[in-house]
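Undergrad: How does the following fold in three dimensions:
(chains A and B)
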Amino acid sequence: MRYKDYYQVMGVPRTASQDDIKRAYRKLARKFHPDVSKEKDAEEKFKELQEAHEVLKDPEKRAAYDQLGANWQQGQDFRPPPDWGKGFEYSRGRGGEASGEFSDFFSELFGGQSPFAGARGAGRANRGFAAAGQDHVARVEIDLEDAFRGGTRTIELRSPEMTPDGHVVVKPRTLRVSIPAGVTAGQQIRLAGQGSPGIGGGPAGDLFLEVTLRPHRLFEVDGRDVTLTLPVAPWEAALGETVAVPTLGGSVDMKLPVGARAGQKLRLRGRGLPGNPPGDQIVLLKIVLPPDSPGARQLFEQMKREVPFDPRADLGQ
Amino acid sequence: MNPIDRIFEGEMLDESAWLEIGEFCACLRVDRPWVIELVDAGVLEPRGPSPDAWSFPASALLRARATERLVNDLGVNLAGVALILDLIEERRQLERRLDELERLLER
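TA: This next block holds a predicted model:
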């Protein structure tokens, strides 16, 4: 097990006051909260922050943690001392609600079987108490190709589960899930009965998979519509040529309008993600000049002489 | 059967899925008054004339869960949550537009 330096995670000195800790938490929570953050690994960092805060905000846990000493380094190999937790008085009944997904370090010192674990849930199963299991929510990132064709995805989950004696343990679990064709960002897949098992014969909870799409090299996605930026030569745009356009279902031919402009959007109906109705593919035109060559230069020279065109006429000077 | 050999088929909650208020509460494991508070604060926009007849698009589940997280983790009130969620959506649209324009400019 690796030592976690909670003070380092929260960016405060070991002498920080409880108010300093609260302020540091609020500031970092705004920065890394997965719902608002654009930071890389925001979810992971936010979880670390919550874990550090869970310990440091609670004077009892903080005092116990401080007792481990100041000489441990973040990530150092760690075993809890044999007399861990002795000599402390604990307030029962407020074990970390969100602690299911915290590190082994946290679970060993403050969760599960530790003297700091709350008494919540203990003994319930013995008293004829029945309750539905918890629902779980997991985010799943899908490739656009899979969203288009459908397929199966293997999903690794870490699920907190209640043991018969009322402790919470985290169990890794692997599920293979069928991804329906046409699924897109912001949609959910509900797997009935795949959440936590019920307590005392209650029904199991459900698992909700919240879908996000992995960014694609070519396509931007908005709902079921996809946008492709298509480079075209000036003469293809000017003459309204027919050009090959990649779509999720393969290449199709598209006729450009005569005199097509850069930034113009053309619509290929029904070529987006499947559904009822299926999405469209928007083709955004980008006019690209040919690389410099004597031949190209000669033709541009000829246009310069023969085509009356002042691109700055609208500037009015 | 080994669980890894089994392929789970889920129920798709897409934009055509609307949930009655009872089912909506059951999905979130929350009470009705909490949902009414979210509607009053403008976080959720139901269809239907009165709470008993309200139904919500499946995407409202995401907004309601985000609300719970923002309230618990950041201490934001519901008016603040409604503002944050609207701004996040606006940012998403601007990012998409920016990405589109950058693709037009890059060679």
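Undergrad: what packs against the top helix by length along chain B?
TA: Of all the elements of type helix in chain B, the one with the most residues (DSSP state H) is helix B:78-105. For helix B:78-105, the helices and strands in contact under the criterion 3 or more Cβ pairs under 8 Å, 6 or more residues apart in numbering or on different chains; DSSP states H and E are strand A:219-222, strand A:225-232, strand A:281-287, helix B:32-40, helix B:59-74. In this view, the C-beta of every residue, glycine as well, is placed from N, C-alpha and C.
Undergrad: Given the first one, what are its sheet partners and their directions?
TA: Okay, so that is strand A:219-222. In the sheet, strand A:219-222 lines up against strand A:225-232 (antiparallel) (DSSP bridges).
Undergrad: Any idea how far stretch A:179-194 is from the middle of the chain?
TA: Stretch A:179-194 sits 15 Å away from the centroid of its parent chain (Cα atoms, centre = their mean, to the nearest Å).
Undergrad: Next, residue A:243: secondary structure please.
TA: Under DSSP: H, G, I helix; E, B strand; the rest coil, the three-state class of residue A:243 is strand.
Undergrad: That one: how many residues sit nearby?
TA: Residues contacting residue A:243 under the criterion other Cβ atoms under 10 Å in any protein chain shown number 17.
Undergrad: How about the one 10 residues further on?
TA: Residue A:253 is surrounded by 8 other residues when neighbours are defined as other Cβ under 10 Å.
Undergrad: Low-confidence stretches in the chain?
TA: Answering for chain A, as no chain was given. A:85-101, A:112-130, A:159-163, A:165-169, A:317 (pLDDT under 70).
Undergrad: Sorry, I should have been clearer: chain B.
TA: Under the criterion of pLDDT under 70, the regions of chain B flagged as low confidence span B:1-4, B:107.
Undergrad: Please list the residues of it that sit near chain A.
TA: Chain B has residues B:3-16, B:27, B:29, B:58-59, B:61-62, B:65-66, B:69-70, B:73-75, B:84, B:88, B:96, B:99-100, B:103-104, B:107 near chain A, with proximity defined as Cβ under 8 Å from any Cβ of the partner chain.
Undergrad: Weed out the non-buried ones from the residues you listed.
TA: Among the residues of chain B next to chain A, those classed as buried by neighbour count (16 or more other Cβ atoms under 10 Å in any protein chain shown) are B:8, B:10, B:12-14, B:27, B:58-59, B:61-62, B:65-66, B:69-70, B:73-74, B:84, B:100, B:103.
Undergrad: which ones are touching residue B:24?
TA: B:35, B:54-56, B:60-61 (Cβ atoms under 8 Å, 6 or more residues apart in numbering or on different chains).
Undergrad: what kind of secondary structure is it in?
TA: Secondary structure assignment for residue B:24 (three-state DSSP): helix.
Undergrad: I figured residue A:207 hits residue A:196, correct?
TA: No - with contacts counted by Cβ atoms under 8 Å, residue A:207 stays clear of residue A:196, the gap being 9.4 Å.
Undergrad: who touches both of these two?
TA: Between them, residue A:207 and residue A:196 share the neighbouring residues A:135-136, with contact defined by Cβ under 8 Å, 6+ apart.
Undergrad: quick one: which of the two has more around it?
TA: Comparing residue A:207 with residue A:196 by other Cβ under 10 Å, the one with more neighbours is residue A:207, at 25 against 21.
Undergrad: now that one, which residues is it bridged with?
TA: Under the criterion DSSP bridges, residue A:207 forms beta bridges with residue A:136, residue A:191.
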